[in-house]
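**Q** here's my sequence, what's the structure:
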Amino acid sequence: MTLFSTAIVERYHVRFRGFADIEVLSIGDIEVVAQARHKLMTERGVSNAATLQSGYVIYVEAA
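**A** This next block holds a predicted model:
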């Protein structure tokens, strides 16, 4: 018996102005844009504040 139900992981696609969609795996949508923003900064070297603030979820699919 488990105390918590099994988490359902979903693949979120987040779009930022001027960049291709960034995929993020998550069990909830609260932190998805922040995770994608972090990926954009660390993996692609983006530091423009307007670009980093432009992120939004475009669709979700089962992982």
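**Q** neighbours of V24, how many?
**A** 21 (other CB atoms under 10 Å). C-betas here are computed from N, CA, C, even on glycine.
**Q** and for T51?
**A** 16.
**Q** list the contacts of it.
**A** 16-19, 40 (CB atoms under 8 Å, 6 or more residues apart in numbering).
**Q** what about those residues, which are in helices?
**A** Using DSSP state H, the subset of those located in helices is L40.
**Q** and of the contacts of T51, the nearest to Y56?
**A** Y56 has its nearest neighbour among the contacts of T51 in F16, at 8.4 Å by CB to CB.
**Q** and that closest one, how many neighbours?
**A** For F16, using other CB under 10 Å, the count is 22.
**Q** that one and A50 touch, don't they?
**A** No - counting by CB atoms under 8 Å, F16 does not reach A50; the two are 9.9 Å apart.
**Q** and the residue lying closest to E10 once chain neighbours are set aside, bridged to which residues?
**A** Among residues not flanking E10 along the chain, V60 sits closest, at 5.2 Å (CB to CB, 6 or more residues apart in numbering). As for beta bridges, V60 partners with Y12 under DSSP bridges.
**Q** V60 contacts R11, correct?
**A** Yes - because the distance of 7.1 Å satisfies CB under 8 Å, V60 is recorded as touching R11.
**Q** which parts of stretch 48-63 are buried?
**A** Buried residues in stretch 48-63, defined by neighbour count with 16 or more other CB atoms under 10 Å: 51-52, 55.
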